[in-house]
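1. Build the 3D model from these lines:
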Amino acid sequence: MRRRLFCEISPFTYEISLRKEIIKRHIRNIFSKDKIAKRRLDKPLPFIVKSHGSVMVRRLLGVDIGLQENKVTNIELACEKINGTVIYPGETFSFWHIVGPTDKRHGYKEGLVISRHGLSSGYGGGLCQMANMIHWLILNSPLKVTELHHHSDALFPDERRRVPFGTGTSVCYNSLDYRFKNDTDKAVQILVWTKEGELMGELRSEAPFLYKYRLVEEDHHYRKEGEDYYRISKVFRNVIDKETGEVLKKELILDNHSKVMYDHAYIPEDEIRK
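-> Numbering: from 1, shown residues only. Next up, the predicted model:
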């Protein structure tokens with residue numbers, strides 16, 4: 001039997017561990033050599049690298065719909081901070097440096113929060129969707145992800161999923177950040193806004209890139225291991241020449257083996273393998 005970590009003993013010890021991580025983050029930021037992107041432009045850069053939209057309110061099994069609705073407010077507040085951010089060559093985008101505190105004092109509401117103890121609520125909950133949006137845009141570009149924290153479990157059944165499973169990221173204020181670096185020779189810009197119940201996003205650049213990217217999920221299935229089920233698949237990224245359409249490179253970016261945390265009755269029977 002695995003010995004429990006200090007942070008797993010109780011919600012109190014989890015909070016202590018979280019505070020410790022926040023302090024460590026502040027110290028790392030002080031001594032970091034990363035040049036953090038800070039500028040915003042009202043005018044969009046001319047070239048669209050990738051655009052995407054995701055539904056904000058989904059009826060998730062066992063989740064209070066009120067937390068989902070509060071998430072919309074939280075996302076709109078984050079949009080105000082992020083929209084128009086320009087990342088110049090050599091700069092690093094930091095999610096929390098841009099968004100800042102997500103407490104009640106800053107207008108945030110209680111939304112869905114994913115922690116070591118499962119699903120709960122907390123101020124600023126639901127901003128993982130914003131981080132997921134940005135990560136998806138970056139995966140479809142030559143920019144380099146420098147900090148990423150995967151969701152390790154399959155928490156909900158699919159509902160109107162538009163991207164391969166597992167391509168999201170966890171964020172927790174000043175503890176788990178999402179960062180990417182612009183190591184190209186072109187400035188890029190993130191645009192995010194809400195429209196008709198969806199979070200919309202664009203990655204733009206000052207000049208076109210040579211390649212485009214396509215993410216594909218392969219060998220998706222479920223498998224029972226002991227008393228539990230796991231969701232299994234591989235996600236590849238194809239690098240494609242814009243001129244010829246030729247796939248120049250196929251790289252494995254994710255090997256999913258995620259424990260199914262929802263009611264197993266929702267697993268499609270035809271997707272279960274022995």
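
2. and stretch 42-51, which residues are buried?
-> Across stretch 42-51, burial judged by 16 or more other Cβ atoms under 10 Å covers L45, V49, K50. Heads up, the C-betas are built off the backbone N, CA and C, glycines and all.

3. The last one sits in which helix or strand?
-> Assigning secondary structure by DSSP states H and E places K50 in strand 47-55.

4. what's the offset of stretch 249-257 from the middle of its chain?
-> 17 Å (Cα atoms, centre = their mean, to the nearest Å).

5. which other residues reach it?
-> Residues outside stretch 249-257 that contact it (Cβ atoms under 8 Å, 6 or more residues apart in numbering) are 139, 150, 164-167, 215, 230-239.

6. Please repeat the previous calculation with a cut-off of 7 Å.
-> Residues from elsewhere that reach stretch 249-257, judged by Cβ atoms under 7 Å, 6 or more residues apart in numbering: 165-167, 230-239.

7. Among those, which one sits closest to N29?
-> Minimum distance to N29 across the contacts of stretch 249-257 is 26.7 Å, recorded for T167 (Cβ to Cβ).

8. Give me the three-state assignment for that closest one.
-> On the three-state scheme (DSSP: H, G, I helix; E, B strand; the rest coil), T167 is labelled coil.

9. Please report how far it lies from K274.
-> 27 Å (Cβ to Cβ, to the nearest Å).

10. For these two, work out which one has more neighbours and name it.
-> Shown here are T167 and K274; by other Cβ atoms under 10 Å, T167 has more neighbours (19 against 4).

11. Return the residues in contact with K50.
-> Applying Cβ under 7 Å, 6+ apart, the residues near K50 are L137, N140, S141, L203.

12. Go ahead and confirm the first one touches S205.
-> No - with the criterion set as Cβ atoms under 7 Å, L137 and S205 do not qualify as a contacting pair; they are 11.3 Å apart.

13. Tell me which two in the contacts of stretch 249-257 are the farthest apart.
-> Largest pairwise distance in those, by Cβ to Cβ, is 29.3 Å, between Y230 and V239.

14. low-scoring pLDDT stretches of the stretch 1-150 of the chain, where are they?
-> Residue ranges of the stretch 1-150 of the chain with pLDDT under 70: 1-22, 26, 31, 60-63, 114-119.

15. Let me see the ranges of the helices in it.
-> Counting by DSSP state H, counting those that start in this stretch, the stretch 1-150 of the chain has helices at residues 11-31, 65-82, 95-99, 128-139.

16. Now mean neighbour count too, for those helices, in JSON lines please.
-> Converted to JSON lines, the helices of the stretch 1-150 of the chain look like this (neighbours: other Cβ atoms under 10 Å):
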{"stretch": "helix 11-31", "mean neighbour count": "13"}
{"stretch": "helix 65-82", "mean neighbour count": "18"}
{"stretch": "helix 95-99", "mean neighbour count": "21"}
{"stretch": "helix 128-139", "mean neighbour count": "22"}
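
17. need those in CSV with distance to Y178, can you?
-> What follows is these, written out as CSV (distance: least, Cβ to Cβ, whole Å):
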stretch, distance to Y178
helix 11-31, 13
helix 65-82, 11
helix 95-99, 4
helix 128-139, 5
